[in-house]
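Undergrad: heads up, no residue letters with this:
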């Protein structure tokens, strides 16, 4: 249920309304007319404005404060979709389809919001056909900006970001792990062992510095194995961390794509219905 709020009978001034991207293209007459439909509500910090599944009967314009838009995924994890501030708007999807809320809105600090109900919104856009076109243009521009943001997030390369944060020790560990897991290392190491044994068995029979059973060689092999194992684990842990970052980025991108596509489909269905009505 929505959190506590106080209602103030009043209007947002024209300058504040024009600062909202959704209504920035409206002329002075349309802006004044819109102001007649708005009611002002104050929400304290941490108050829930609406929750997922609540009736979608209004949209909100932020005059003062900040609002967090979030959803809870199938695993019960709360995912923040947006942090909105003064001049932003939210809940507009309900203006088009009248369905339940698809996300939860919470005031992250004391907020003053202007509320526009669905009935008032429909009355507003029916008063002048040009208003509908201008509002759709603003919504399209918002989708384009969201698309640009999404494209920017997709273009972020996890490998490049991790590379920029690697220390000299991290780079050395990666190089050693890469060499230690290659055929070059295996062949070189086998050649070294065979050469060691040949030298101490046949070439230096009387003065061998590591006579059979090659205790010095065994000690050296144990030291190499003891050092190589943690170095390889360091590299594997960093790769696992990189994989988690990549998976998280993929999840966020897929989630945003799903929400945007659903939003577009609902708006297209609404536009198809309007000529019939």
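TA: Here it is on my side, so go on. Bear in mind the structure is a predicted one, so any value in this text is a computation, not a measurement.

Undergrad: where exactly do the helices run in this protein?
TA: 14-19, 28-35, 93-97, 118-126, 129-155, 158-165, 168-180, 183-198, 215-276 (DSSP state H).

Undergrad: low-scoring pLDDT stretches of the stretch 151-277 of the chain, where are they?
TA: Counting by pLDDT under 70, the stretch 151-277 of the chain shows low-confidence ranges at 151-165, 205, 252, 256, 260, 263, 266-268, 270-277.

Undergrad: quick one: the nearest residue to residue 199 once chain neighbours are set aside from residue 215, how far?
TA: Take residue 199 and drop its neighbours on the chain: the residue closest to it by CB to CB, 6 or more residues apart in numbering is residue 208, 7.7 Å away. Where C-beta positions appear, they are placed from N, C-alpha and C, glycine not excepted. Relative to residue 215, residue 208 is positioned 11 Å away (criterion: CB to CB, to the nearest Å).

Undergrad: Could you do residue 254 as well?
TA: 58 Å.

Undergrad: Was I right to think residue 231 contacts residue 177?
TA: Yes: when contacts are counted by CB atoms under 8 Å, residue 231 is listed as touching residue 177 (5.8 Å).

Undergrad: What is the neighbour count of residue 107?
TA: Around residue 107 there are 23 other residues, counting by other CB atoms under 10 Å.

Undergrad: check contacts around it.
TA: 3, 43-49, 65-67 (CB atoms under 8 Å, 6 or more residues apart in numbering).

Undergrad: which of the residues you listed has the weakest pLDDT?
TA: Within the contacts of residue 107, residue 3 has the lowest pLDDT, namely 51.

Undergrad: before we move on, the earlier item: what about residue 208 and residue 215, which has more around it?
TA: Neighbours around residue 208 and residue 215, counted as other CB under 10 Å, are more numerous at residue 208. The numbers are 14 against 10.
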